[in-house]
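A.B. asks: Here's a sequence, model it:
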Amino acid sequence: MRKTAAVLGSPINHSLSPVIHNLAYRHLGLPMEYIAVEVKEAEFLEWIRAALSKSDQWFGFSLAMPLKEVVCSESLSDLINLDGLSNRINSANTLYLKDDKWHGCSTDVIGFRSLLQKRNFKSVAILGAGGTARAAVGALTGDSFSDIEKIEVFRRDSKRDAGITKASSEKKINIREWSEFEHSGPYDLLINTVPDSALHEVAKKYSGANLLLDAVYSPWPTQLMSRQSSDGAALISGLELLCAQAIPQVELMCNAQLDHNEFFALALAEVSKHI
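C.D. replies: Residues are numbered from 1 along each chain as shown. This is a model prediction of the structure:
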């Protein structure tokens, strides 16, 4: 019986994913464990190929950036069946077994949707253009988000532009220079996917949004969270996104079902103890 799942990345010791997944296994009464494994980008393809093809230890993997992108490599297509959405956004954070075959998907998309689908907003700004940002773009589709009139993505690298455009199946994305953010807005929703260390200048000039979803949770609180909360404006934290995307990961990896509302509350309370 396969008994181990893991989150892969570098650095990875800060990850709180083991807290959530191991809590879920206890909640479900499953004799399994979830660990963090340091895997650098340069060694990932060789490492994951060996793990998926030779080991009977693993039953699932969570992937941190930039491995979310690397796993979409054509060189792994013989081992991993990526779903259509992951291919479109070129990002997959979850690997799981089904019918003795490995599958890949983005539960980041599911997490974004679950946190945002009952809220109303017409204008959206996204900081960053990597895998998490593309998951956010991919999530903002469908009837739940039909009121959106504008999505603007502020990026630092123009090489990301084609990927951002491809990630949206039905909405036009306005791609803007990073330096333009301080003179833009206001927005109904701001989604940040950029590490806190890269936001010093942005945070100083941040004028707020009706709602901030900061996908980052280390350090805690982030600079944007501190500015948002000091103004008394609405905030969704990276811890909430972490819990929201982990629930479908657990269900896929374990072929089990959780009460989403109940376990979300349990998981959020547990990870909050570790901040």
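A.B. asks: what about the helices in this structure?
C.D. replies: 17-28, 41-54, 67-70, 84-89, 107-116, 131-139, 161-167, 200-205, 223-230, 238-254, 260-272 (DSSP state H).
A.B. asks: Would you single out the least confident of the ones you listed?
C.D. replies: When the helices of the chain are compared by mean pLDDT, helix 200-205 comes last with a mean of 87.
A.B. asks: Could I get the buried residue list for that one?
C.D. replies: Of the residues in helix 200-205, residue 202 count as buried by neighbour count, 16 or more other Cβ atoms under 10 Å. In short, each C-beta sits where N, CA and C put it, glycine included.
A.B. asks: Quick one: list the elements packing against that helix.
C.D. replies: Contacts defined by 3 or more Cβ pairs under 8 Å, 6 or more residues apart in numbering; DSSP states H and E place helix 200-205 against helix 223-230.
A.B. asks: Now do the helix it packs on and helix 238-254, the angle between them.
C.D. replies: 120 degrees (axes from the mean of the first three to the mean of the last three Cα atoms, to 10 degrees).
A.B. asks: which one is the most centrally placed residue in the chain nearest to, not counting chain neighbours?
C.D. replies: The C-alpha lying nearest the average C-alpha coordinate of the chain belongs to residue 108 (Cα atoms, centre = their mean; 3.7 Å). Spatial nearest neighbour of residue 108, chain neighbours left out: residue 135 (3.7 Å); criterion: Cβ to Cβ, 6 or more residues apart in numbering.
A.B. asks: Hmm, residue 109 and that neighbour touching each other?
C.D. replies: Yes: using Cβ atoms under 8 Å, residue 135 makes contact with residue 109 at a distance of 4.9 Å.
A.B. asks: anything in contact with each of the two?
C.D. replies: residue 89 (Cβ atoms under 8 Å, 6 or more residues apart in numbering).
A.B. asks: residues contacting the nearest residue to residue 196 once chain neighbours are set aside?
C.D. replies: Setting aside the residues directly before and after it, residue 196 is nearest to residue 222 in space (Cβ to Cβ, 6+ apart), at 4.7 Å. Applying Cβ under 8 Å, 6+ apart, we find residue 222 in contact with 192, 196, 199, 214, 216, 238.
A.B. asks: Of all pairs in those, which one spans the longest distance?
C.D. replies: Spatial extent of those (Cβ to Cβ) is set by the pair 199 and 238 at 13.0 Å.
A.B. asks: Of residue 135 and residue 109, which one has the most company?
C.D. replies: residue 135 (31 against 26; other Cβ atoms under 10 Å).
A.B. asks: Residue 25 and residue 73: what is the separation?
C.D. replies: Per Cβ to Cβ, to the nearest Å, residue 25 is found 30 Å from residue 73.
A.B. asks: Looking at those two, which has the bigger crowd around it?
C.D. replies: Using other Cβ under 10 Å as the criterion, residue 25 and residue 73 rank with residue 25 on top: 20 against 13.
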